[in-house]
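Asks: turn this into a model:
(4 chains)
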Number of protein chains: 2
Amino acid sequence: MPRPTKQDPDRGDARTRLLGAARDIVRRQGFTATTVDELCAAAGVTKGAFFHHFKTKEALGVAAAEFWAETTSALFAEAPYHSPDDPLDRVLAYLDFRRAIMAGDLAKWTCLVGTMTQEVYASHPAIRDACADSILGHAATLIPDIEAAMEARAIRADWTAESLARHCQAVLQGAFILAKATGDPALAHDSIDHLRRYVEGLFAPPPAGRTA
Amino acid sequence: MPRPTKQDPDRGDARTRLLGAARDIVRRQGFTATTVDELCAAAGVTKGAFFHHFKTKEALGVAAAEFWAETTSALFAEAPYHSPDDPLDRVLAYLDFRRAIMAGDLAKWTCLVGTMTQEVYASHPAIRDACADSILGHAATLIPDIEAAMEARAIRADWTAESLARHCQAVLQGAFILAKATGDPALAHDSIDHLRRYVEGLFAPPPAGRTA
DNA sequence: ATACATACCGACCGTATGGTATGTAATCTT
DNA sequence: AAGATTACATACCATACGGTCGGTATGTAT
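Replies: A predicted model of the protein is given here:
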């Protein structure tokens, strides 16, 4: 059962604070470069507390990915992009929402699990799997709207709603990398714009969606 | 002047071998998780040789990104996708080429500089800049063909050839992440397929390219 | 032949790292 | 209230890490 820490109470229990610190620091420096001591300092927690809650640093990585999945899915569930009546408009509103978030400090709007994946996919399978669950789980939330949009417009395509949902995530992840490389969110915005145009085109009336 | 090492001659000079080792190992484990000793062992070189050629580990990171830019640009320059007469076909052939490469060991076909960017964008600006140069430099090689395709089809678009070239790189980078997360190249293939369909759609005859 | 520079070797160093062992206080169970 | 369990704190450890340093071998110019 959680209990406030000595060093800085009234900020939640040690475990949650460590996960929050991991979310912020790992996004900025990566998983390997982030040390246990650093996480403890940021969370206002001692090393004993760290290894009480997480058997190893790798276990923290897994927990951080799961924490990320939970918190982001809550955030997106409450986001305003679900309100349009037309399912296609909901999908486009999702992209607009993702685009709108891309401002300010890079480490605040880039993706924890995408970052970790690159580093640990070969060396820490447990973390990688948790990251994959997070990414694919989030992608899956788009599928119903895409399917509904396909049905509403009677689209018979050579692509699946699932693959399009995942493609959106791929574009987002790639946009993060371009933004990090250049320090300029504009490149990320441009990529989302291209993606939005693609989705619009897929559902456009005339020769749309490459009907068979 | 390069000189073969004692441990394993006839494999090039120490510097090049270290850069080759960095390319392979960093792609699998990331920059931070890759140790100097590990690189030396893989290159069959001693630590003395390492720090003779590179002042610090960070300097090796910069050199590895530059090495990557040189070797890949050579590879793409000689690749077969330049042969079609129609510039649009060359762009599509580029995508087909990128897609075809995506098979086998992940660490062999994913992007060194994309991986490094995620880790070091905030902590090692020098490496980040070298990575940005590599990515944007490669993207720039696509611009002439895209521009020619736009001109050939008289496309007046609200997007630029440069932004489309960069978007292609974003999709590639994102595809790498999905493939790493799932261990399945199929997700990367699907994303490239979507990108290809997008590019085709942009240049399609009827209501093309969102003319103003 | 001498002098100098480059390329490489391998032992060593200070520190930072992930992890442990042990102790103490709050909370739960009965 | 008593014991058990959970939640945290502190001191400590073995090792691995980036980096240094003195030295040697191989050119290269004069």
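Asks: quickly find the element holding the closest residue to residue A:53 other than its chain neighbours.
Replies: Taking C-beta to C-beta, 6 or more residues apart in numbering or on different chains, and ignoring the residues beside it in sequence, residue A:53 has residue A:15 as its nearest neighbour in space, at 4.5 Å. Where you see a C-beta, it was placed from the backbone N, CA and C, and this is true even at glycine. Secondary structure from DSSP states H and E places residue A:15 in helix A:14-29.
Asks: same question for residue A:151.
Replies: Taking DSSP H and E as the definition, one finds residue A:151 inside helix A:143-152.
Asks: hmm, back to that, the helix holding residue A:15 and DNA strand C, are they touching?
Replies: No - for a cut-off given as C-beta under 7 Å from any atom of the strand, helix A:14-29 has no contacts with DNA strand C; the smallest distance is 10.1 Å.
Asks: list the contacts of that helix.
Replies: Here helix A:14-29 makes contact (C-beta atoms under 8 Å, 6 or more residues apart in numbering or on different chains) with A:2-3, A:5, A:11-12, A:34, A:38-40, A:42-45, A:49-50, A:52-54, A:60-61, A:63-64, A:67-68, A:71, A:107, A:110-112, A:115-116, B:119, B:122-123.
Asks: so which residues of chain A form helices?
Replies: Ranges of helices in chain A, per DSSP state H, are A:14-29, A:36-43, A:47-53, A:57-78, A:87-101, A:106-109, A:112-120, A:125-140, A:143-152, A:161-182, A:185-202.
Asks: in JSON lines, list the ones you listed along with distance to residue B:130, mean pLDDT and mean neighbour count.
Replies: Written out in JSON lines, the entries for these read as follows (distance: least, C-beta to C-beta, whole Å; pLDDT from 0 to 100; neighbours: other C-beta atoms under 10 Å in any protein chain shown):
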{"stretch": "helix A:14-29", "distance to residue B:130": "18", "mean pLDDT": "96", "mean neighbour count": "21"}
{"stretch": "helix A:36-43", "distance to residue B:130": "26", "mean pLDDT": "95", "mean neighbour count": "18"}
{"stretch": "helix A:47-53", "distance to residue B:130": "35", "mean pLDDT": "94", "mean neighbour count": "15"}
{"stretch": "helix A:57-78", "distance to residue B:130": "27", "mean pLDDT": "97", "mean neighbour count": "18"}
{"stretch": "helix A:87-101", "distance to residue B:130": "28", "mean pLDDT": "98", "mean neighbour count": "18"}
{"stretch": "helix A:106-109", "distance to residue B:130": "18", "mean pLDDT": "96", "mean neighbour count": "16"}
{"stretch": "helix A:112-120", "distance to residue B:130": "17", "mean pLDDT": "97", "mean neighbour count": "27"}
{"stretch": "helix A:125-140", "distance to residue B:130": "26", "mean pLDDT": "98", "mean neighbour count": "20"}
{"stretch": "helix A:143-152", "distance to residue B:130": "39", "mean pLDDT": "97", "mean neighbour count": "18"}
{"stretch": "helix A:161-182", "distance to residue B:130": "10", "mean pLDDT": "98", "mean neighbour count": "26"}
{"stretch": "helix A:185-202", "distance to residue B:130": "17", "mean pLDDT": "98", "mean neighbour count": "21"}
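Asks: residue A:115 versus the residue nearest to residue A:53, what's the distance?
Replies: Counting by C-beta to C-beta, to the nearest Å, the gap from residue A:15 to residue A:115 is 21 Å.
Asks: equivalent analysis for residue A:151, please.
Replies: Plainly put, residue A:151 is 36 Å away from residue A:115 if you go by C-beta to C-beta.
Asks: again, but for residue A:123
Replies: When C-beta to C-beta is applied, the distance between residue A:123 and residue A:115 equals 15 Å.
Asks: now residue A:197
Replies: Applying C-beta to C-beta, one obtains 27 Å for the distance of residue A:197 from residue A:115.
Asks: same question for residue A:16.
Replies: Remark: distance between residue A:16 and residue A:115 (C-beta to C-beta) = 20 Å.
Asks: and residue A:136, by the same measure?
Replies: Residue A:136 sits at a distance of 16 Å from residue A:115 (criterion: C-beta to C-beta).
Asks: can you check residue A:78 too?
Replies: 24 Å.
Asks: likewise for residue A:73?
Replies: From residue A:73 across to residue A:115, the span is 18 Å (C-beta to C-beta).
Asks: then residue A:196?
Replies: As judged by C-beta to C-beta, residue A:196 and residue A:115 stand 24 Å apart.
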